[in-house]
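Enquirer: Would you be able to build a 3D model of this:
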Amino acid sequence: MIPQYLQALLKSQSYDPQSFFLVAGPCIVEDEALVMEVAERVSAICKKLGIPYIFKASYRKANRTSMSSFTGLGDETGLHLIKKTGDKYKVPTTSDIHAYDEAAEAAKYVDILQIPAFLCRQTDLLVAAAQTGKVVNVKKGQFLSGEAMRFAVEKIRKSGNDQIILTERGTTFGYQDLVVDYRNIPIMQAHGVPVVMDCTHSLQQPNQSSGITGGNPQLIGTIAKAAIAAGADGLFIETHPNPSIAKSDGANMLKLDLLEPLLEKLVKLRRAVI
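Expert: As a prediction, this is how the structure comes out:
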């Protein structure tokens, strides 16, 4: 079920009210051409299939392993391009923030503030995001249970904001892999919020000796289908026209050409399980 605060953001779109919603886009703003291409193609696919769509791109990546990794074009440039993309294609937008003093500035440009998994317990960050009045999407830490995410929800609600999404993105398994516990979907829904499955980051293989995170993108469809079967309210999928040359997280992004056939299957599956 899509909550009213998301319905308000999606009011310019025509979609199946029984559908899951999709949060999708490239990992990071690489340039204007990329974000426009992805938003144009994904919004057209979602319109065709009746899926409500939220455009996602990071304006800056603060959690890179290697000092040499690409971190963005600059905050103002990145945020401006995200807003421009959302305005052009009439879709709500989201991006992640990493410090409490970023919240108010980012809120001028995006509709949903995303809290990275490794910062989901950061009280000052959660409070600052809540106080902007924007929808706050908190990714579950790789080190936390679904039950423990109720404390993140409480922090945001006690700060005067009830517009919350939680996102499952896998649990640490050893040093270089993640596993998904699908019990976390209904467990986190019990906190009274919609739950999204991050189908790309849950397939990361972190802590590689190269300093660049690996991944298993061939399993994105498996993660997505299992999430829909388990009752996820939304899906998060990072996608790129050519992941092999992406400047960030290319190892676990879905090739853009593969998105439509996957979503077609997921729409059928959703209809079968609701």
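Enquirer: where exactly do the strands run in the stretch 51-200 of the chain?
Expert: 53-56, 93-96, 112-115, 135-139, 164-168, 171-172, 178-179, 195-198 (DSSP state E, counting those that start in this stretch).
Enquirer: Can you add distance to residue 237, mean neighbour count and mean pLDDT and give those back as CSV?
Expert: In this view, the C-beta of every residue, glycine as well, is placed from N, C-alpha and C. Shown next, in CSV, are the strands of the stretch 51-200 of the chain (distance: least, Cβ to Cβ, whole Å; neighbours: other Cβ atoms under 10 Å; pLDDT from 0 to 100):
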stretch, distance to residue 237, mean neighbour count, mean pLDDT
strand 53-56, 9, 27, 98
strand 93-96, 13, 25, 98
strand 112-115, 14, 24, 98
strand 135-139, 14, 26, 98
strand 164-168, 12, 27, 98
strand 171-172, 19, 17, 94
strand 178-179, 16, 15, 94
strand 195-198, 8, 26, 98
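Enquirer: Redo those strands as a markdown table? Include distance to residue 126.
Expert: Shown next, in a markdown table, are those (distance: least, Cβ to Cβ, whole Å):
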| stretch | distance to residue 126 |
| --- | --- |
| strand 53-56 | 19 |
| strand 93-96 | 13 |
| strand 112-115 | 7 |
| strand 135-139 | 7 |
| strand 164-168 | 10 |
| strand 171-172 | 20 |
| strand 178-179 | 23 |
| strand 195-198 | 17 |
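Enquirer: Can you check which of the ones you listed gets nearest to residue 189?
Expert: Of all those, it is strand 195-198 that lies closest to residue 189, at 5.1 Å by Cβ to Cβ.
Enquirer: Report the helix or strand with the lowest average pLDDT across the protein.
Expert: strand 214-215 (a mean of 66; mean pLDDT, DSSP states H and E).
Enquirer: Nearest to residue 149 among the strands of the stretch 51-200 of the chain would be which one?
Expert: strand 164-168 (5.6 Å).
Enquirer: Direction included, what does the closest one pair up with?
Expert: strand 135-139 (parallel), strand 195-198 (parallel) (DSSP bridges).
Enquirer: mind checking which of the ones you listed is nearest residue 6?
Expert: Minimum separation from residue 6 across the strands paired with strand 164-168 (Cβ to Cβ) falls at strand 135-139, 6.9 Å.
Enquirer: what's that closest one in contact with?
Expert: Strand 135-139 is touched from outside by 5-6, 9, 23, 94, 111-117, 120, 126, 129-130, 149, 152-153, 156, 161, 163-167, 169, 196, 198, 201, with contacts defined as Cβ atoms under 8 Å, 6 or more residues apart in numbering.
Enquirer: before we move on, back to that, out of the strands of the stretch 51-200 of the chain, which comes closest to residue 262?
Expert: Ranking the strands of the stretch 51-200 of the chain by proximity to residue 262 (Cβ to Cβ) places strand 195-198 first, at 13.1 Å.
Enquirer: If anything else comes up later, I'll come back, but that's it for now.
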